[in-house]
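Asker: Here is my input; please provide its structure:
(one chain, ligands or ions: 1)
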Amino acid sequence: MYAIEAKNVSKKYFRGNHKNILFEDMSFHVIEGEIVFISGENKSGKSTLLKMIAAMTPPNRGKIEVLGKDLLFIENRSDWRLKHIGFLTSEDCLIPYLTIQQQLLMGQDDQKSDFEIFTEEANYILSILGIREKQLTQLPDQLSKTEQLKITLARALMTNPRILLLDDFTKFFNSDDRFDIYCTLIQFVKKQNITLIITGETDQCPIADRILKLENKNLVEYVDNNYKALLH
Ligand SMILES: Nc1ncnc2c1ncn2[C@@H]1O[C@H](COP(=O)(O)OP(=O)(O)OP(=O)(O)O)[C@@H](O)[C@H]1O
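Answerer: Residues are numbered from 1 along each chain as shown. Below is the predicted model of the structure:
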């Protein structure tokens with residue numbers, strides 16, 4: 001099944017008399033469980049594309065189906081998004097006065113029988129992301145920017161999303177941290193059959209099943225023979 005299917009999508013923004021056409025007659029699909037990397041130059045429309053998939057901004061023409069549903073016919077978009085989609089950027093949005101563990105357990109009733117299971121799951125996800133036990137009781141400002149972003153990722157993974165959208169998420173990561181997070185992500189998403197879309201300005205992502213590039217207002221398959229040779 002396709003997790004995402006876009007047909008003949010066009011998207012433009014108007015600012016006064018100026019028309020900024022981002023996509024024209026763009027069609028693509030992403031298979032459920034696939035990891036797709038979308039590269040594109042600055043302002044080519046990477047964020048807008050992910051926002052369209054997350055039903056945060058509509059196309060001007062064409063149709064987008066996500067998890068088999070035409071986005072036009074989703075009644076409560078925020079509920080739908082909460083249930084199915086994880087959307088992360090390179091900005092963390094942690095609550096400053098909650099400890100790291102509390103960030104992940106927010107909204108869970110500690111009197112309920114499954115609270116312990118949630119706690120174990122939170123600690124497991126944090127540990128595979130390299131967060132140490134002593135950091136669980138720390139506040140966000142005691143962590144590095146990279147660690148803070150890992151917490152936002154852990155929080156998204158705790159919601160069991162069907163689709164995870166990472167918009168330039170690793171922008172502030174150094175190459176070692178980026179590699180580590182990719183290794184963790186591939187294990188996690190493949191096991192859970194999560195569809196993962198990552199955007200960035202480079203042309204490489206070692207874990208992607210497929211690399212697409214935003215070019216000439218459209219998405220094209222990116223083939224770099226050197227890169228392919230490295231993978232095999
Ligand atoms: N809500 C909006 N209203 C008007 N113009 C917008 C809006 N959102 C984005 N744009 C414009 O659309 C273009 C593409 O923006 P977008 O953020 O999608 O690209 P991007 O490839 O993610 O950029 P970057 O690499 O800088 O993150 C930019 O010129 C931006 O100013």
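Asker: OK, contacts around residue 5?
Answerer: Residue 5 is in contact with 28, 29, 30, 64, 65, counting by Cβ atoms under 8 Å, 6 or more residues apart in numbering. In this view, the C-beta of every residue, glycine as well, is placed from N, C-alpha and C.
Asker: I meant to write residue 65 there.
Answerer: 2, 4, 5, 6, 71.
Asker: mind checking how far the host helix or strand of it is from the chain centre?
Answerer: For residue 65, the host element (DSSP states H and E) is strand 61-66. Taking Cα atoms, centre = their mean, to the nearest Å, one finds the center of strand 61-66 at 19 Å from the center of the full chain.
Asker: Now do residue 58: how many residues are near it, please.
Answerer: 14 (other Cβ atoms under 10 Å).
Asker: wait, doesn't it sit right on residue 70?
Answerer: No: contact criterion Cβ atoms under 8 Å: residue 58 and residue 70 do not qualify, at 11.2 Å.
Asker: Not counting its neighbours along the chain, what's nearest residue 63?
Answerer: With sequence-adjacent residues excluded and distances taken as Cβ to Cβ, 6 or more residues apart in numbering, residue 63 is closest to residue 7, at 4.9 Å.
Asker: residue ranges with poor pLDDT in the protein?
Answerer: For the chain, applying pLDDT under 70 flags the ranges 203, 224-232.
Asker: Of the contacts of residue 65, which is the nearest to residue 35?
Answerer: Closest approach to residue 35 among the contacts of residue 65 (Cβ to Cβ): residue 4, at 12.7 Å.
Asker: Quick one: residues contacting the closest one.
Answerer: Going by Cβ under 8 Å, 6+ apart, residue 4 touches 28, 29, 30, 53, 64, 65, 66, 163, 195, 197.
Asker: now do residue 222
Answerer: Residues counted as contacts of residue 222 (Cβ under 8 Å, 6+ apart) are 39, 203, 211, 212, 213.
Asker: quick one, phi psi at it?
Answerer: When read as degrees, to the nearest 10, the backbone of residue 222 gives phi -100, psi 120.
Asker: ok, longest helix in this protein?
Answerer: Secondary structure assigned by DSSP state H gives helix 175-192 as the longest helix of the chain.
Asker: could you dump it to CSV, C-alpha only?
Answerer: In CSV, the C-alpha atoms belonging to helix 175-192 read as follows (Å, rounded to 0.1, in the frame of the first residue of the first chain):
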residue,chain,number,x,y,z
SER,A,175,28.5,14.3,11.1
ASP,A,176,29.0,11.6,13.9
ASP,A,177,25.8,12.5,15.7
ARG,A,178,23.9,12.6,12.3
PHE,A,179,25.2,9.1,11.5
ASP,A,180,24.3,7.8,15.0
ILE,A,181,20.8,9.2,14.8
TYR,A,182,20.3,7.7,11.3
CYS,A,183,21.5,4.2,12.6
THR,A,184,19.0,4.4,15.4
LEU,A,185,16.2,5.6,13.2
ILE,A,186,16.6,2.9,10.6
GLN,A,187,16.4,0.2,13.3
PHE,A,188,13.4,1.7,14.9
VAL,A,189,11.3,2.6,11.8
LYS,A,190,12.0,-0.7,10.0
LYS,A,191,10.9,-2.7,13.0
GLN,A,192,7.7,-0.6,13.5
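Asker: In the protein, what residue spans correspond to helices?
Answerer: For the chain, applying DSSP H gives helices covering 46-53, 77-84, 100-105, 115-128, 145-158, 175-192, 225-231.
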